[in-house]
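**Student:** can you look at this prediction? I've put the sequence above it.
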Amino acid sequence: MATHDFAAPQALRTREKKEVALQGALQVLAPGEALDRPDTPDAVVTAVRRLPAIPARHAPYPDGLTPGLVDALRRRGATELYSHQAEAYAHVAAGRNIVVTTPTASGKTLCYNLPVLDAILKDASTRALYLFPTKALAQDQMAELHELTAAIGATGDDEIGVHTYDGDTPQDARRAIRTRAHIVLSNPDMLHSGILPHHPKWAKLFENLRFIIIDELHAYRGVFGSHLANVLRRLQRVCRHYGSSPQIICSSATIANPDGLAERLAEQPFSLVNESGAPRGEKFFVFVNPPVVNRELGIRRSYLAEARRVAGEFLRRQLQVIVFAQSRLATEILTTYLKDDFDDLPGMPEKIRGYRGGYLPLRRREIEKGLREGQVRGVVSTSALELGIDIGALDVSIMAGYPGTIAATWQRAGRAGRRAARSAAVMVASSAPVDQFVVRHPSYFFDASAEHALVNPDNLNILVNHVKCAAFELPFRGDESFGRVNVQEVLGVLQEAGLVHRSGDDSDEASADAQWHWTSESYPADAVSLRSVSSDNFVVVDCTGEPRIIAETDFTSALTMLHPKAIYMVEGKLFQVDRLDFEGRKAYVRAVDCDYYTDAIDYSKVTILDTFAHDAEQVAHHGEVHVVSRVVGFKKIKFYTNENVGSGELDLPEQQMHTTAYWLEVPAAVMAALPGTPDDRRDGVRGMAYAMRNVAQLLLMCDQRDLGLSVNAGDDEMAAQGAGASTLPMSTGPAALHDTPRVFLYDAYPGGIGFSAPLYGMHAELLTRTRALIEGCGCEQGCPTCVGPIGEIGPRGKHMALQLLAVLGADATTPARDEVPF
Amino acid sequence: MSSLADRLRGIVAGVGTGGPAGAGALAERAAHAVAGRVVPDESARVLGGRVEQHPAGTAIRVTRHYPADARYGHVRLGEAVAQVLEATDAFEVLTRAWPSGAEASDARRPALDDLWLLDLETTGLAGGAGTQAFLIGCAHLSAGGVTVEQWLLPGFEHERALLALFAEWSKGRGTLVTFNGKSFDVPLIDTRYQFHRTVSPLAGVWHTDMLHPARRLWRLQGSAYGPVEGSCSLGTLEQRLAGVARVGDVPGAEIPGRYFQFVRDGEAAPLEPVLEHNRLDLVSLVLVLSATLQRIARGPASTRDAYEALGLARVYERAGQWPEADAAYGASIQQLQRVGRDPSTLADVLRRQALLRRRQGRTSDAVAVWSTLAALRGAPTALRREAREALAIFHEHRDGDLWAARQHVHALLSEVRDEGRESAQHRLHRIERKLQARSGTDLLGSTDRAEG
């Protein structure tokens, strides 16, 4: 909302003081240097960029907007709209779907609240459904909408009903919400399992549904996004049944393809609104790489300690700071550090707070309020505060560790410096390969567009589940389609399993007269979790005292995280797995006190089933593969030092999966032409593979566990991989030279989730960036930041990997970033 | 690369990985599936019914009459029906205890002889848009006996017709009686009408769900080992009330599967036991209704044990029939005291009676009951404690017998270990203070009062 600053003298002085303080802190971090300067990859501060201030661009309220709504907004301080808000309204008024991607705090929510409230005020039967990725965001938005509707002041029969509908909604309130709420704020999971299967009860909503709002669109990528796309297919089917065809309004953080993602998710055309009219203050963006303390082993100073130092410089100067940590554990550690440094007066309001999922809602609201009102001077948070929770304008955002994607980094940086004031963002790199690549190649971050968000709504495993849910909700017509896969064939197979029955005509042909009805007692939505491919979860039972369930794990990661003797961590507390009941899907754990964690050793064998495509040299390939994997043992790794302090063997069942993969074949001639012994050459392949996986993760904007790595280095059919990045593929048997070395990077989900195809398209860039990562690394013979720890990759691994990459055609210079092909 | 159908089979077989075994079994099963289709006329013949036509499709209607002189277990149907049709006042009590939901409407309460019963057989218990009623069973009562009407869905595409025919039949009928219909049958059928975007004929209908009164009356059963919380299904109830043991009854869990099979192969014969099950449930519900109304009409003398009497008392109390409730509690207490084997239920009934009397303002009558409870050997500590507290309060504040009050607090303190001890101590100090004050200033007065 456009609030115009009446800069009172007092406020001006405060702002000046803050700017001086900010300059002071930046001077200490990067002493004696100009604040806008060339990058220095080898220094501690590798980059300082100045992002200039941008003035506001306003637009008048559009004609025809309900006067009561305009009055309410004016009373709340918005004399005019920002230009993007007016643009969004115009698109919606013209009947178009839109995606709004403007920075944090640019008044994005008004882009959808304006047309929705206007429509409700003009026609009280209008209904809107808002979807948020988390319950907390829905609560936040409800509070904002309540303020707005209170300002409009419509009461009695004209009152605008705004309600959240999620797992926390009391049973007795649900009926009223179903029929009376104009705006229902919910989440995809609830829509999937609680609303769509019960659509007759929601007839009033669906008959009058004019708007679907999807907030934080960028959160719907990978498996979650692929599920959402199918939930939206079901939603639109149900809407058609009730005769409505709602418009869709999405808001997204900056990603490369917001409209492409929206179109893929909703299967409708979208118009993009991405020119923000909101003002932005000047911002400094600083990259910090903790200094090297052991050059040979490539060990740097702890990034948490470095983040503490950086945060201290700002906090000491009375600036309000948010620190983003990468895990719950890191959040707690940094909170403790900063409390030690700054919360020196017991009994006084706490100036430093931690914030993460798992805290009770009341406590979180209290912290958010403290931030808005300024009593809380510093907050350490997980990604929980990255999304649009209202915490007001902070001065500095510090990221302890690279957030993993360009989009998330800008999102977190955007938590500091709203409106006109000057602000700073600091990224402190950890020693993880991705972090090191980014911090040493600042242009990769600053000059590139954000990542593409990928989804694959036609992944058969996901699609089939939603076809079941859709058939439960409404019978399929004999000529109906659902996604790009031939749904009639899917239904045919479901009929074989007795889940549906076709009636209405005698043929098997596509026919509008025929119908497929659900013929099972089950409630299929219960068997599908949107946050994973299989909803076959393992529960973790703590048997230290009275047995109680403390966590859940999806099937895919259960064996690597919950194998017998594994150390399992919950909120920093350590548990050891006593027993894994594979059939019963339970792991029994006990609280323990120990100084190590475990890392599973996972052997996998990849068999090529079908090659979809390969390049002219037959080096890069894309196709379908069969992956057999088995957890055969584990390593014990000491906290802090990451020393390997022991290991164990395991006998666990094998897991199989069909998926899609990108793979690289090293031609026999290339292998033969490499210098060194056969062992050296294989070390080179493995070192290259290790680095490739990390670069691939960077290029794909995916989680580490989205992508599996398997290396056949020309010595054995079985290849091993660790669950964590610290582990290397290891050779397992005697050398056998007849095999062609292959590096497989596969989608770690049955059926594939859409990562391998773009990876195949990015083959050249993948190699070039892998070479840049290894070359740019300061270590001598290899370290966890590039090709992997020297103890596992061999003394010549780094050198050989570089040789190999050069022969395979990786360019020595970083190329311009290409479009990611789909 | 495997064909799409093969990959789909792998996924549907639940392997998730395309494992060949599951997919193979599925393909085999597909090959064995009998191709057939429902022929409504043929199905109607097999089930002893007729085809009803409607512009939106057809339904199979089966009508069965159970004459008044037929027996269900050891109960003559005519007697049960007569008990229901005559029990207008008892029905009134029942409806006060469990309002029908239609009280707010202007509609007049319909007469009892218009009463009808409903029971559905469905494709599942989960609810939601994909759960359908494939059989609607209704019964109505007359002097001649019980008539059951059933509508069977000959295929999912005929649902609109089925719903329309049922709406036509049920329009203008009287009070609806079900067993668990409030939470299952009625919402489910309402959902089907909403699904087809039409108005449910059950909207605003007077509805009495017998599950709740039946639970009050028959859930607790006496046994050699004390009371047992039994099942309260229609099957259990008909056995208790009429000695019925059904032979060859189809288990509820098999019912949806039988219907799905009928839809696939058109064979109606396996559905006959399902229709019979539905009819017997409706007849059984007539028995439950009549037994309930009979208890209410005739009072505790008609109950068979202390637990039924207790249940009846609670029904009366819920309906605001306080004198009747008190009498039924009394009957229950008497029987429990006579048998003397179940002090915990006895304590519970005493407590309920004492609370009821207090609510009626019958303080001294309540005190008598509290005293019995306080002296009851084997009573649960919490209840005995409550009685002592009530007595202490009564003596301290109502009749001023501070000595008696002190005695009860002492007894309380000897029993209370943890929480509650503090407040008892507090009470004791206060009573002691009052006693002291009294001995100093008003010794005579207190003696007077104690004697009075």
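**Tutor:** In hand now; what should we look at?
**Student:** C-alpha only now, for contacts and for neighbours.
**Tutor:** OK.
**Student:** can you tell me which residues in the stretch 151-300 of chain B are near chain A?
**Tutor:** B:155-157, B:191-192, B:194-195, B:197, B:256-257, B:260, B:263-264 (CA under 8 Å from any CA of the partner chain).
**Student:** tabulate these (JSON lines), appending distance to residue A:788 and secondary structure.
**Tutor:** Formatted as JSON lines, those follow (distance: CA to CA, whole Å; DSSP: H, G, I helix; E, B strand; the rest coil):
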{"residue": "B:155", "distance to residue A:788": "64", "secondary structure": "coil"}
{"residue": "B:156", "distance to residue A:788": "61", "secondary structure": "helix"}
{"residue": "B:157", "distance to residue A:788": "63", "secondary structure": "helix"}
{"residue": "B:191", "distance to residue A:788": "60", "secondary structure": "helix"}
{"residue": "B:192", "distance to residue A:788": "62", "secondary structure": "helix"}
{"residue": "B:194", "distance to residue A:788": "62", "secondary structure": "helix"}
{"residue": "B:195", "distance to residue A:788": "60", "secondary structure": "helix"}
{"residue": "B:197", "distance to residue A:788": "63", "secondary structure": "coil"}
{"residue": "B:256", "distance to residue A:788": "58", "secondary structure": "helix"}
{"residue": "B:257", "distance to residue A:788": "57", "secondary structure": "helix"}
{"residue": "B:260", "distance to residue A:788": "58", "secondary structure": "helix"}
{"residue": "B:263", "distance to residue A:788": "61", "secondary structure": "helix"}
{"residue": "B:264", "distance to residue A:788": "60", "secondary structure": "helix"}
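**Student:** can you add pLDDT and give these back as a markdown table?
**Tutor:** Formatted as a markdown table, these follow (pLDDT from 0 to 100):
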| residue | pLDDT |
| --- | --- |
| B:155 | 93 |
| B:156 | 93 |
| B:157 | 91 |
| B:191 | 95 |
| B:192 | 96 |
| B:194 | 94 |
| B:195 | 95 |
| B:197 | 92 |
| B:256 | 95 |
| B:257 | 94 |
| B:260 | 95 |
| B:263 | 93 |
| B:264 | 90 |
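**Student:** JSON lines please, covering the residues you listed and showing neighbour count.
**Tutor:** Shown next, in JSON lines, are these (neighbours: other CA atoms under 10 Å in any protein chain shown):
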{"residue": "B:155", "neighbour count": "25"}
{"residue": "B:156", "neighbour count": "22"}
{"residue": "B:157", "neighbour count": "19"}
{"residue": "B:191", "neighbour count": "25"}
{"residue": "B:192", "neighbour count": "25"}
{"residue": "B:194", "neighbour count": "19"}
{"residue": "B:195", "neighbour count": "24"}
{"residue": "B:197", "neighbour count": "13"}
{"residue": "B:256", "neighbour count": "22"}
{"residue": "B:257", "neighbour count": "17"}
{"residue": "B:260", "neighbour count": "22"}
{"residue": "B:263", "neighbour count": "22"}
{"residue": "B:264", "neighbour count": "23"}
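**Student:** tell me how the chain divides into domains.
**Tutor:** If you meant another chain, say so; for now it's chain A. Per the record, chain A has its domains at A:9-54+A:280-447, A:58-273, A:460-527, A:538-594, A:601-807, by automatic domain parsing.
**Student:** other chain: chain B
**Tutor:** Using automatic domain parsing, chain B is parsed into the domains B:1-33, B:40-292, B:320-451.
**Student:** now tabulate these in CSV and tack on distance to residue A:217.
**Tutor:** Compiled in CSV, the domains of chain B are given as follows (distance: least, CA to CA, whole Å):
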stretch, distance to residue A:217
domain B:1-33, 28
domain B:40-292, 28
domain B:320-451, 54
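**Student:** can you tell me which of the ones you listed is nearest to residue A:592?
**Tutor:** With CA to CA, the closest approach to residue A:592 among the domains of chain B belongs to domain B:320-451: 34.0 Å.
**Student:** so how far is chain A from the closest residue to residue B:112 other than its chain neighbours?
**Tutor:** Counting by CA to CA, 6 or more residues apart in numbering or on different chains, residue B:112 lies nearest to residue B:85, which is 6.0 Å off, once chain neighbours are set aside. Going from residue B:85 to chain A by CA to the nearest CA, to the nearest Å gives 36 Å.
**Student:** who are the packing partners of the helix or strand where residue B:85 lies?
**Tutor:** Assigned by DSSP states H and E, residue B:85 falls within helix B:77-86. Helices and strands touching helix B:77-86, as assessed by 3 or more CA pairs under 8 Å, 6 or more residues apart in numbering or on different chains; DSSP states H and E, comprise strand B:57-67, strand B:145-152, helix B:272-298.
**Student:** comparing those, which comes out most buried?
**Tutor:** strand B:145-152 (a mean of 23; mean count of other CA atoms under 10 Å in any protein chain shown).
**Student:** name the helices or strands packed onto that strand?
**Tutor:** The contact analysis (3+ CA pairs under 8 Å, 6+ apart) places strand B:145-152 against strand B:57-67, helix B:77-86, strand B:133-142, helix B:159-170, helix B:272-298.
**Student:** output those in TSV, with mean pLDDT and distance to residue B:39 appended to each entry.
**Tutor:** Output for the helices and strands packed on strand B:145-152, formatted as TSV (pLDDT from 0 to 100; distance: least, CA to CA, whole Å):
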stretch	mean pLDDT	distance to residue B:39
strand B:57-67	96	11
helix B:77-86	94	35
strand B:133-142	96	16
helix B:159-170	96	16
helix B:272-298	96	16
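**Student:** just put these in a markdown table and tack on distance to residue A:110.
**Tutor:** Putting those into a markdown table (distance: least, CA to CA, whole Å) gives the following:
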| stretch | distance to residue A:110 |
| --- | --- |
| strand B:57-67 | 50 |
| helix B:77-86 | 63 |
| strand B:133-142 | 45 |
| helix B:159-170 | 44 |
| helix B:272-298 | 56 |
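**Student:** which SSE is immediately downstream of the stretch of helix or strand residue B:188 belongs to?
**Tutor:** When elements are assigned from DSSP H and E, residue B:188 belongs to helix B:186-195. Next along the chain after helix B:186-195, taking DSSP H and E as the criterion, comes strand B:207-209.
**Student:** who's in contact with that next one?
**Tutor:** Among residues not part of strand B:207-209, those counted as contacts by CA atoms under 8 Å, 6 or more residues apart in numbering or on different chains are B:95, B:98-102, B:175-182.
**Student:** same question for stretch A:79-94.
**Tutor:** Residues outside stretch A:79-94 that contact it (CA under 8 Å, 6+ apart) are A:1-3, A:56-62, A:73-74, A:97-98, A:100, A:107-108, A:110-112, A:114-115, A:247, A:271, A:273-278.
**Student:** now with 7 Å?
**Tutor:** With contact meaning CA atoms under 7 Å, 6 or more residues apart in numbering or on different chains, stretch A:79-94 is reached by A:1-2, A:57-62, A:110-111, A:115, A:273, A:275-278.
**Student:** which two in the residues you listed are spaced the farthest apart?
**Tutor:** A:57 and A:115 (20.0 Å).
**Student:** more neighbours, the two?
**Tutor:** For the pair residue A:57 and residue A:115, the greater number of neighbours falls to residue A:115 (22 against 16), based on other CA atoms under 10 Å in any protein chain shown.
**Student:** how near is the more buried one to residue A:494?
**Tutor:** 42 Å (CA to CA, to the nearest Å).
**Student:** burial count for the nearest residue to residue B:432 once chain neighbours are set aside?
**Tutor:** Nearest residue to residue B:432, sequence neighbours excluded (CA to CA, 6+ apart): residue B:406, at 7.8 Å. By other CA under 10 Å, 21 other residues sit near residue B:406.
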